[in-house]
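Asks: What follows is a predicted protein model with its sequence.
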Protein chains: 2
Amino acid sequence: MSSSGSELGEFDRVRERRGGRSERVRVAVMGAVRQILQDSGYGALTHRAVAAAAYVDNATIYRRWPTRPQLVSDMLRDLSSDLVPVPDTGSINGDLTAYLSSVLAMLTTPGTKKLAQSIFAASIEGDDVVAVVLADFWQERFSGSYKMLDRAIGRGELPAMLDHAAIMDALVAPAWFRTFISRMPVGEEFQKRCVMAALAQAQTEK
Amino acid sequence: MSSSGSELGEFDRVRERRGGRSERVRVAVMGAVRQILQDSGYGALTHRAVAAAAYVDNATIYRRWPTRPQLVSDMLRDLSSDLVPVPDTGSINGDLTAYLSSVLAMLTTPGTKKLAQSIFAASIEGDDVVAVVLADFWQERFSGSYKMLDRAIGRGELPAMLDHAAIMDALVAPAWFRTFISRMPVGEEFQKRCVMAALAQAQTEK
DNA sequence: TCATTAATGCGACAGTTGCTGCATTAAGGT
DNA sequence: ACCTTAATGCAGCAACTGTCGCATTAATGA
């Protein structure tokens, strides 16, 4: 039955080669994707453009990442979380202010804004499989920020029964909404108001 | 100088033909665009697909709407506002609940969700000129909903000095954010909570 | 070190997309 | 009714996109 000596199951297992050249290609491609997205945006993300920037043949890109959304979602895994760090200033007010400040900085700086835009564009263009990856990405991103809230509960600043998601909605949803959908300005008082709204939401018992 | 008999300015004016065949083509194309977006989404919006659906030559589409975002932004003008009507139930609580309910229905129904998705995709792909059109679209959409708040002020339900945009942010931003960005569920209690948050924001003096 | 074969590079191909002359049609003014 | 010419239809083109077969390279296990 199995032409292979090892008995790992009913079917022959395709032995993937995860190290060496394949890994080098992967790193180069992911770097090229991020570079292109930051510099020129999602519209410039072509398989051949990535291939050229990574010094890899375009057929290789097509074989490992058949669609553009897959390129983006795969890059998300490598994306370090230092884009929006979770602060620890000692007070919930300071934490929320610092966090939203990071988000707004990310959404304002051209390079990272294009990056965020691309994530959004990919999630629209991508099929359901990619959507799952992206949902995981956000879940992880949020679970990190939830620690911020739990610390405040430990300090007695917030009630124990919190709707974590509701608070983060109040804090960051308007920023994303204005940046990419309604395209209204996100100024200084807008930021303060969102922090206030998040705090008000946090005081509401679940 | 001027080969034309009429003296309308220094240069000859190109006499556009706004009626007759041109208008019929325009109506057919706009209908085809909306049909395609609702049925198959932004990815299926090809010039040739629109041309086929509208029984018009594809060169005509290219000449009058050179890019896909222009097709979408032009369709927005025709889009009747009955997608998200501004309610008048008699109380601010009822109005906000009904309004958010309409927004969520629009974001949940497949056809209209794809329509909203397409607007977003076009605003990302489109150049700055298109962005202006889309900003106007949202401005008009919001100005309609502001009347809802002004009626509440007239009834004495809300303080006179309101930050209209802040209230609408609290009401609808989380819905858009969860639908297209964080992809979290938008359930029954989510809706109630957003209305509560918007009311709390409304009670805050500007 | 050697054999196996997954992964890549290379070249070519059909299908699609964006665009452009040119002939034809019909809208708008006289 | 007639003229001018804007707008459309038609045909064809270069550029780009996605895919494939085949030769070559090198990762992995023995």
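Replies: On my side now, so go ahead.

Asks: Chain A: helices as residue ranges?
Replies: A:20-40, A:47-54, A:58-64, A:68-78, A:92-108, A:110-125, A:128-154, A:164-177, A:188-203 (DSSP state H).

Asks: Can you work out which other helices and strands pack against the longest one?
Replies: It refers to helix A:128-154. Judged by 3 or more CB pairs under 8 Å, 6 or more residues apart in numbering or on different chains; DSSP states H and E, the packing partners of helix A:128-154 are helix A:68-78, helix A:92-108, helix A:110-125, helix A:164-177. (Each C-beta comes from the backbone N, C-alpha and C, glycine too.)

Asks: Could you check the angle the worst-scoring helix or strand of chain A on mean pLDDT makes with helix A:110-125?
Replies: Sorted by mean pLDDT, DSSP states H and E, the helices and strands of chain A end with helix A:128-154, the least confident at a mean of 87. Helix A:128-154 and helix A:110-125 are oriented at 120 degrees to each other (axes from the mean of the first three to the mean of the last three CA atoms, to 10 degrees).

Asks: ok, and does helix A:128-154 reach over to DNA strand D?
Replies: No. Helix A:128-154 is not in contact with DNA strand D by CB under 7 Å from any atom of the strand; minimum separation 14.4 Å.

Asks: Same question for that helix: list its buried residues.
Replies: Buried residues in helix A:128-154, counted by 16 or more other CB atoms under 10 Å in any protein chain shown: A:130-131, A:133-134, A:137-138, A:141-142, A:145, A:148-149, A:151-152.

Asks: quick one: low-confidence parts of chain A?
Replies: A:1-14, A:206 (pLDDT under 70).

Asks: circling back to that earlier point, mean neighbour count, the helices and strands packed on helix A:128-154: which tops it?
Replies: Greatest average neighbour count among the helices and strands packed on helix A:128-154 goes to helix A:164-177 (a mean of 24), per mean count of other CB atoms under 10 Å in any protein chain shown.

Asks: Might you calculate how far that one sits from the centre of the chain?
Replies: How far helix A:164-177 lies from its chain's middle: 15 Å, per CA atoms, centre = their mean, to the nearest Å.

Asks: Stretch A:125-140 now?
Replies: 10 Å.

Asks: which outside residues touch that stretch?
Replies: Applying CB atoms under 8 Å, 6 or more residues apart in numbering or on different chains, the external contacts of stretch A:125-140 come out as A:67-70, A:72-73, A:76-77, A:119, A:122-123, B:42-43, B:121, B:181-184.
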